[in-house]
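Engineer: Predicted model and sequence follow; I will ask about them next.
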Amino acid sequence: MRRYTSLETVHDRVWERIERAADDSQAPFRILTFGSVGEEHPHLRSVVVRSADRDERRLSFHSDRRSEKVADIQAHDRIAWHGWDPETSEQIRLHGTATVHTDDAVADEMWTREDPSGLALYPKSSAPGTPLEEPDDGLHPSVREQPITREHVAAGREHFAVIRTVIDTVDWLHLHADGHYRAQFRFDAEREPFEGRWVVP
Ligand SMILES: Cc1cc2nc3c(=O)[nH]c(=O)nc-3n(C[C@H](O)[C@H](O)[C@H](O)COP(=O)(O)O)c2cc1C
């Protein structure tokens, strides 16, 4: 198993893998755990990484604007990401701040770019988390036809949101037979972006 002993290499690698996740549906970090601050406890859920930009320190996904995570972010903008790659034995954890984009150019751009099949959840008439008398997927009848077209999902635009996060800390842990290594990177606008250090795993 490869050994990483350069902070620069590790930091490059983390961001390369995050950027790949946004472009490749099969990439290991395509689905990450996203954490927000809830009123009673932290809230975690899986989401699909939809765009990433290392230069801007950005990582985004889309969601229903009526969902709990959106309310969480509107109350507390601090967020966390977590991913584990069992193939390479690497854990990544990221912290930062989030903004919710609903009726602006950021949301328009992602709505237009996404394949309609990836937007089929949004025309739902009830908000995620609404209680039901019996199990139901809640999908709108318009998206039950195949293939799903832009017209079928159009009513979902009013529920669609992009959650854009800006990362300020990165924590990387590599489990290795010869000893685990862990590195942390903190963004400091006053100094060089993302100052790294090794820490005890
Ligand atoms: C593999 C997987 C991918 C998911 N991707 C997303 C996503 O990209 N956006 C999203 O809002 N929910 C996604 N979900 C659903 C969330 O995990 C969660 O159940 C839902 O968003 C409600 O979360 P909330 O009540 O905490 O807001 C995904 C779930 C799974 C299992």
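Structural biologist: Done, it's in. Residues are numbered from 1 along each chain as shown.

Engineer: Tabulate the CA atom coordinates of the strand ranked longest in the chain in PDB.
Structural biologist: Criterion DSSP state E: the longest strand present in the chain is strand 160-174. The C-alpha trace of strand 160-174 is given here as PDB (Å, rounded to 0.1, in the frame of the first residue of the first chain):
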ATOM      1  CA  PHE A 160     -34.800  22.600  -5.500                       C
ATOM      2  CA  ALA A 161     -31.900  24.100  -3.700                       C
ATOM      3  CA  VAL A 162     -28.100  23.900  -4.000                       C
ATOM      4  CA  ILE A 163     -26.100  23.700  -0.800                       C
ATOM      5  CA  ARG A 164     -22.700  25.200  -1.400                       C
ATOM      6  CA  THR A 165     -20.100  24.700   1.200                       C
ATOM      7  CA  VAL A 166     -16.700  26.500   1.600                       C
ATOM      8  CA  ILE A 167     -14.100  24.400   3.300                       C
ATOM      9  CA  ASP A 168     -11.700  25.700   5.900                       C
ATOM     10  CA  THR A 169     -10.400  22.500   7.600                       C
ATOM     11  CA  VAL A 170      -9.400  19.200   6.100                       C
ATOM     12  CA  ASP A 171      -8.600  16.100   8.200                       C
ATOM     13  CA  TRP A 172      -7.100  13.100   6.400                       C
ATOM     14  CA  LEU A 173      -6.400   9.700   8.100                       C
ATOM     15  CA  HIS A 174      -4.700   6.800   6.300                       C
END
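
Engineer: after it comes which helix or strand?
Structural biologist: Per DSSP states H and E, the first helix or strand lying C-terminal to strand 160-174 is strand 181-186.

Engineer: what pairs with the following helix or strand past that following strand, and is each one parallel or antiparallel?
Structural biologist: Next in sequence after strand 181-186, counting helices and strands by DSSP H and E, comes strand 195-199. If you go by DSSP bridges, strand 195-199 pairs up with strand 181-186 (antiparallel).

Engineer: so what secondary structure elements neighbour the host helix or strand of Leu44?
Structural biologist: Using DSSP H and E, Leu44 sits within strand 42-48. The contact analysis (3 or more Cβ pairs under 8 Å, 6 or more residues apart in numbering; DSSP states H and E) places strand 42-48 against strand 31-37, strand 58-64, helix 68-75. Just so you know, the C-beta spots here come from the backbone N, C-alpha and C atoms, and that holds for glycine as well.
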